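Chemist: Build the 3D model from these lines:
(2 chains)
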Number of protein chains: 2
Amino acid sequence: MTPPYYAVIFTSVRTEITEGYEEMAALMEKLAKEQDGFLGVESARNEIGITVSYWRDLESIKKWKQQTDHLQAQQKGRAVWYKNYTTRIALVEREYSFERES
Amino acid sequence: MTPPYYAVIFTSVRTEITEGYEEMAALMEKLAKEQDGFLGVESARNEIGITVSYWRDLESIKKWKQQTDHLQAQQKGRAVWYKNYTTRIALVEREYSFERES
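Modeler: Next comes the predicted model:
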C-alpha cells in the first residue's frame, strides 16, 4: 500500500466468555472486506489482541464504524466479550518492508 | 495518551530460527522504554506478530531507529529471525477506550 492511508489500531483484552466470539469475528472480517475503502487487516492475540485494519480515508472508516451489523457486534463486544479495548485512528505517513530472499 | 502522537506498527513473520530472539526482544523493549519520547508498547503474535509502539514525535522515533543496539538487532532480524516485516509510521489522530465496570 502506498501512504498516505489510514490504520485503525484496535487493542483489546477479552473476558472469559468465548461463546459466539469467533463466529462474530469472522463475520466482521468478511463484512469489512466488502466495505468501500477497505485495504487490508492483520490480527494477532496472546494476552492482548491487536487488530490493525487499513483504510483509504476517514470517510470509509466512519461508514464501517456505523455499519448496522458492525454496530451490533460492537454492542455485544462491550456487553460480553471485552474487558477493555482501545481504538486508535492513525494516518500512515510512511511504510517500509523487508522480505527475505529465498 | 492524548492525540496527536505517533504509532509505529511493526508486523512480521518469523523464520523457524528462535535462538536468541526472545532475549533480544526483551532487551529491545527495555531499551525502547528508556528512550526519550517513548510512550508505550503492545505486542501479540500468532501466525504473524504485531508490535505497536507509541512515541511523542517523529524525532524520538528516528533516534530509536538509529540507536546503536537497535541497529544491530535490526540487522540480526533481517539476517536470522524474520521472513518478512513491514514497519508503518502513523500519526494517531483520535483514540477512544472502553473499560468494563466490574
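
Chemist: Close to chain B: what parts of chain A are there?
Modeler: Residues of chain A lying close to chain B by CB under 8 Å from any CB of the partner chain are A:3, A:7, A:9, A:11, A:15, A:42-50, A:52, A:78, A:82-100. All C-beta spots, glycine's among them, are computed from the backbone N, C-alpha and C.

Chemist: any idea how far the longest helix along chain A is from the chain center?
Modeler: For chain A, the longest helix by residue count, based on DSSP state H, is helix A:21-34. On the basis of CA atoms, centre = their mean, to the nearest Å, helix A:21-34 sits 10 Å off its chain's mean C-alpha point.

Chemist: Check stretch A:80-95 too.
Modeler: 7 Å.

Chemist: Next: stretch A:81-101.
Modeler: Distance, centroid of stretch A:81-101 to centroid of chain: 9 Å (CA atoms, centre = their mean).

Chemist: Buried ones in it, by neighbour count?
Modeler: Under the neighbour-count criterion of 16 or more other CB atoms under 10 Å in any protein chain shown, stretch A:81-101 has A:Trp81, A:Tyr82, A:Tyr85, A:Thr86, A:Thr87, A:Arg88, A:Ile89, A:Ala90, A:Leu91, A:Val92, A:Glu95 buried.

Chemist: repeat for stretch A:26-46
Modeler: For stretch A:26-46, the neighbour count (16+ other CB under 10 Å) marks A:Met28, A:Leu31, A:Ala32, A:Gln35, A:Gly37, A:Phe38, A:Val41, A:Glu42, A:Ser43, A:Ala44, A:Arg45 as buried.

Chemist: Quick check: the third one vs chain B, distance?
Modeler: A:Ala32 sits at a distance of 17 Å from chain B (criterion: CB to the nearest CB, to the nearest Å).

Chemist: Assign A:Phe98 to helix, strand or coil.
Modeler: Taken by DSSP: H, G, I helix; E, B strand; the rest coil, the conformation at A:Phe98 corresponds to strand.

Chemist: All set, thanks.
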